[in-house]
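In: What follows is a predicted structure for the sequence shown.
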Amino acid sequence: MPKRSSKKRSKDLNLLAAELVADAIRDGRPMPKINGKNAAAVALGRKGGLKGGKARAQSLSARKRQEIACKAAQARWGKYRKE
């Protein structure tokens with residue numbers, strides 16, 4: 001009887017299903033990984049992350065930015081203040 005391949009499959013059914021679909025889609029070609037992450041997803045997330053904060057700051061009024069900053073300061077420092 002022929003031996004099975006040495007590739008281990010996940011015991012979790014959700015992960016197993018995802019692996020099977022990925023195997024069927026990519027035609028045996030390995031997906032590029034960056035530290036265990038999909039390279040395309042990393043690039044897309046980084047692209048949005050690099051311009052997100054600057055774009056949001058430009059779209060906010062000075063008053064709204066001040067309100068956000070005050071709320072953040074209260075969240076940071078409010079827990080230390082005992083009144």
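Out: Received the coordinates, thanks. Nothing here was measured: the structure is a model prediction, and the numbers come from that model. Numbers count the residues shown, from 1 in each chain.
In: Going by C-alpha atoms from here, please, whenever you check contacts or count neighbours.
Out: OK.
In: And the next helix or strand past the helix or strand in which residue 51 is found?
Out: Taking DSSP states H and E as the definition, one finds residue 51 inside helix 39-59. Next along the chain after helix 39-59, taking DSSP H and E as the criterion, comes helix 62-77.
In: can you list contacts of that next one?
Out: The contact list for helix 62-77, computed with C-alpha atoms under 8 Å, 6 or more residues apart in numbering, reads residue 57.
In: what angle separates it from helix 39-59?
Out: Our comparison of helix 62-77 with helix 39-59, counting by axes from the mean of the first three to the mean of the last three C-alpha atoms, to 10 degrees, yields an angle of 120 degrees.
In: neighbours around residue 23, how many?
Out: For residue 23, the tally of surrounding residues (other C-alpha atoms under 10 Å) stands at 14.
In: so which strand or helix has it?
Out: helix 13-26.
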